[in-house]
Every structure is written in structure tokens, then in C-alpha cells.
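Enquirer: how does the following fold in three dimensions:
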Amino acid sequence: MIPASEALQRLRDGNRRFVSSLGSSQVTLNLARGVDLKMDQLPFAIVIGCSDARVPAEIVFDQGLGDLFVIRVAGNIVSPSQIGSVEFAASRFGTRLVVVMGHSQCGAVRATIEELQQPAENQSPNLRAIVDRVKPSVIPLLSKRQQLRDVENLMEYAVRSNVSFAVAHLKHSSAVLEKLIANDGVRIVGAEYSLETGEVDFFDVDMMS
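Expert: Presented below is the predicted three-dimensional model:
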């Protein structure tokens with residue numbers, strides 16, 4: 001079993017390798033790690049990430065098959081199915097690190113800001129379900145709009161706020177995860193991937209030893 005602190009360091013190291021290879025012809029995904037994939041998987045980290053095609057967690061962290069348990073959904077939102085998936089992986093595989101990873105220029109966050117500023121008519125109820133999950137993290141920022149320079153500045157704050165909201169929701173909406181955090185060393189942290197640089201910035205890691 002890999003401790004959360006070691007798992008986080010692996011992700012940081014992998015992201016550094018990814019960033020250093022950007023712009024070269026060497027950007028490849030090492031899918032084979034000498035792992036017998038017929039055996040049970042043993043992912044060292046769980047990643048809840050956005051469905052955006054530009055943010056594949058395995059590539060961003062330079063990891064291979066069997067290394068990460070990845071849950072992807074637009075806006076990296078946390079709903080019961082995502083919580084259940086995290087509970088499953090943390091309990092079944094002993095994975096001790098959970099990362100909620102947003103990214104710059106997130107379309108789901110932008111759609112939420114637009115919806116709050118000018119509600120759309122006849123919006124798909126399925127799309128609205130995603131927007132409604134993002135809203136609680138964005139609404140407080142709109143009241144501070146005068147302090148923010150422009151829409152893009154608002155986006156920057158909203159992306160990170162959305163991640164922090166999801167982290168808090170995971171920590172406090174599941175009795176299973178609360179027990180694993182208290183007794184078994186599970187840690188849940190936030191992260192933001194920059195489409196512009198390829199770098200991942202981790203935050204909400206104050207409890208990480």
C-alpha cells in the first residue's frame with residue numbers, strides 16, 4: 001500500500017517529466033510498466049478529472065496502465081456516482097490518495113458563469129445537472145465581480161473554487177471516506193492543470209504529511 005504523501009510525489013514527478021517533454025517528439029505514454037494486467041489492479045492514486053479531451057490524466061502525470069484509477073466527468077463535478085467510484089477504489093484497492101483535478105479554460109465552468117449571468121431557455125436537463133453542481137462554487141465569486149479584472153480573471157478563480165468545492169464535498173459527504181480519512185491515511189487534494197504550460201498545481205494539501 002502506497003501512502004498518500006508518496007503517491008502525491010509520484011504524480012508531481014510524473015508531471016515534471018511530462019512538462020519537460022512538451023515541444024519535443026518524445027511525448028509518449030508508457031502504457032507498459034511490466035504489470036500483469038490480468039491480475040487485480042493496484043492504482044496508487046484516484047483522479048477525478050474533467051472529460052475535456054486535452055486533459056488525459058495518465059499522460060499529464062506520465063503514468064501507465066494500472067497506475068491510476070481515473071474518473072472523468074465534465075467540470076470534474078462530484079455527484080453520488082463519482083463518490084461511489086472513489087469509495088470503491090479506496091476500499092477495494094487500498095488507494096490512499098484522491099486528486100480532484102480541474103483545468104484552465106474549463107468549458108463547464110464557463111457555461112455555468114454564462115448561465116448565471118444570462119439563463120438559457122430550454123436548456124437540456126442533463127446539461128443543467130452539471131451546471132447546477134458547479135453553481136455553488138461560482139455564485140460567491142459573482143458578488144466580488146468588481147474586484148476581478150475581467151471574465152478571464154473570474155474564470156481563473158472559478159476553476160479553482162470549483163475544485164475546492166468538490167474536495168470539500170468528497171471529504172464530508174461520505175461516511176466511508178470520512179472513516180478512511182480518519183483511520184487509514186486517505187487524503188483528498190485539489191489540483192489544477194494548465195492547458196497553457198502543462199503544469200499541475202496541487203493545493204488543499206495542508207494535511208499531507
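Enquirer: can you list the neighbours in contact with the longest helix anywhere in the chain?
Expert: The helix of greatest length in the chain, counted in residues with DSSP state H as the criterion, is given as helix 151-172. Counting by C-beta atoms under 8 Å, 6 or more residues apart in numbering, helix 151-172 makes contact with 48, 75-78, 83, 86, 98, 100-106, 109-110, 112-113, 134, 136-138, 140-142, 145, 148, 177-178, 181, 188-192, 203-204, all of which sit outside it. Backbone N, C-alpha and C define where each C-beta goes, glycine included.
Enquirer: equivalent analysis for stretch 113-121, please.
Expert: Contacts with stretch 113-121, where a contact means C-beta under 8 Å, 6+ apart, come from 123, 131, 135, 138, 139, 142, 151, 154, 155, 158.
Enquirer: among those residues, who's most crowded?
Expert: In terms of neighbour count, residue 158 stands highest of these at 25 neighbours, by other C-beta atoms under 10 Å.
Enquirer: how far does the longest helix of the chain sit from the chain's center?
Expert: Computed by C-alpha atoms, centre = their mean, to the nearest Å, the separation of helix 151-172 from the middle of its chain amounts to 10 Å.
Enquirer: and for stretch 13-20?
Expert: Its chain's C-alpha centre and that of stretch 13-20 lie 17 Å apart, by C-alpha atoms, centre = their mean.
Enquirer: kindly report the same for stretch 113-132.
Expert: Distance of stretch 113-132 from the chain centroid (C-alpha atoms, centre = their mean) equals 22 Å.
Enquirer: may I see the ChimeraX selection of the buried members of the contacts of helix 151-172?
Expert: The buried residues among the contacts of helix 151-172 can be selected in ChimeraX (16 or more other C-beta atoms under 10 Å) with this line:
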select :48,75,76,77,78,83,86,98,100,101,102,103,104,106,109,110,112,113,134,137,138,141,148,177,181,188,189,190,191,192,204
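Enquirer: how about the residue lying closest to residue 49 once chain neighbours are set aside, secondary structure?
Expert: With sequence-adjacent residues excluded and distances taken as C-beta to C-beta, 6 or more residues apart in numbering, residue 49 is closest to residue 101, at 4.6 Å. For residue 101, the reduced secondary structure class is strand; criterion used: DSSP: H, G, I helix; E, B strand; the rest coil.
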